[in-house]
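Undergrad: using only what follows, build the 3D model:
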Amino acid sequence: MNLSVDSGKMHPVIKIVCFLLFALFLTQARVDVIVSALMIFVFLYLYGIRFDLRSAWKMLRRMRWLFISIAVTYLWFTPGVPLVPLLQEYSPTTEGVGEAALRIATLALIVVLVNLLLHTTSREELIGAIRWLVGPLSLFGLERDRLALRMVLVLDSVDEIQALLQQQMRTFSVEGRKISRVACAMAGLFQAIIHRAETLPSRSMNVVEQEWPPCLQWLYPVILTMLFGGSLLYR
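TA: This is a model prediction of the structure:
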């Protein structure tokens with residue numbers, strides 16, 4: 001995902017604040033909020049922000065079992081009118097269809113938001129922005145540098161753990177039920193992670209020290225709040 005307009009690049013702190021507000025409003029799981037979110041995505045695309053659809057699709061595919069679980073839960077456990085009357089109590093409900101669609105759409109949009117944030121912000125900028133945001137919490141004893149270090153380790157380990165899991169799945173080709181193969185692979189993954197942690201060399205990373213964001217850019221979260229908050233007031 002590339003940001004083509006460098007002169008108007010959004011400050012990393014503003015990006016995170018907007019992301020948190022966006023995700024917070026999306027959790028309301030309402031049709032008007034989802035429509036507003038899609039309109040904002042269209043605006044961002046027209047403004048010059050290019051979404052990495054391939055990367056976003058990969059993230060969504062990894063969550064397919066969660067989507068299926070949500071669909072089953074709402075389709076068959078939401079009281080209402082049977083979608084297939086012949087099945088009677090074994091039929092999913094029409095109300096469940098609507099609820100499941102809203103929840104899955106909400107979660108999918110949040111995943112796309114995460115993908116957008118990660119691909120328009122460098123790792124150093126992201127950590128620096130979070131250090132800036134949690135700075136006031138240092139008054140209560142929170143060590144923001146330690147928090148930043150932990151975040152770096154987590155971000156660095158995600159791709160490595162995925163690669164280790166794929167390797168373990170290929171190694172443990174247990175015949176029979178697939179669940180046996182998965183169990184063996186997960187056990188092997190745990191040992192591989194421990195070994196990786198014990199042999200990991202020391203590394204250093206330069207974190208971008210963030211300055212106070214431009215005053216005008218604070219209008220972005222304000223506008224976002226007015227846009228979504230206004231629709232929720234008239235709920």
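Undergrad: could you give me the average pLDDT of stretch 72-81?
TA: Mean per-residue pLDDT for stretch 72-81: 88.
Undergrad: can you give me the end-to-end span of that stretch?
TA: Across its full length, stretch 72-81 reaches 16 Å between end residues, using CA to CA, to the nearest Å.
Undergrad: what does that stretch contact?
TA: 83, 92-97, 99-100, 103 (CB atoms under 8 Å, 6 or more residues apart in numbering). From N, CA and C alone the C-beta is placed, and that goes for glycine too.
Undergrad: from residue 27, how far off is residue 37?
TA: Computed as CB to CB, to the nearest Å, the residue 37 to residue 27 distance reads 12 Å.
Undergrad: higher neighbour count, these two?
TA: residue 37 (21 against 12; other CB atoms under 10 Å).
Undergrad: just checking, next helix/strand downstream of the helix or strand encompassing that one?
TA: Per DSSP states H and E: residue 37 is located in helix 31-47. Downstream of helix 31-47, the first helix or strand assigned by DSSP H and E is helix 53-62.
Undergrad: that next one: what's the following helix or strand?
TA: Using DSSP H and E, the helix or strand that follows helix 53-62 in sequence is helix 64-77.
Undergrad: quick one: that following helix to helix 53-62, angle?
TA: Helix 64-77 and helix 53-62 are oriented at 50 degrees to each other (axes from the mean of the first three to the mean of the last three CA atoms, to 10 degrees).
Undergrad: mind listing what's buried along helix 64-77?
TA: 67, 70-71, 74-75 (16 or more other CB atoms under 10 Å).
Undergrad: adding distance to residue 116, write the residues you listed out as JSON lines.
TA: Shown next, in JSON lines, are those (distance: CB to CB, whole Å):
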{"residue": "67", "distance to residue 116": "19"}
{"residue": "70", "distance to residue 116": "22"}
{"residue": "71", "distance to residue 116": "25"}
{"residue": "74", "distance to residue 116": "27"}
{"residue": "75", "distance to residue 116": "30"}
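Undergrad: out of the residues you listed, which is nearest to residue 129?
TA: Closest to residue 129 out of the buried residues of helix 64-77 is residue 67 (30.0 Å), distances taken as CB to CB.
Undergrad: which residues sit in contact with that closest one?
TA: Residue 67 touches 104, 107-108, counting by CB under 8 Å, 6+ apart.
Undergrad: sorry, back to before: packing partners of the helix holding residue 37?
TA: Contacts defined by 3 or more CB pairs under 8 Å, 6 or more residues apart in numbering; DSSP states H and E place helix 31-47 against helix 12-26, helix 94-120, helix 219-233.
Undergrad: can you give the contact residues for that helix?
TA: For helix 31-47, contacts defined as CB under 8 Å, 6+ apart pick out 5, 22, 25-26, 51, 102, 105-106, 109, 112, 116, 227-228, 231-232.
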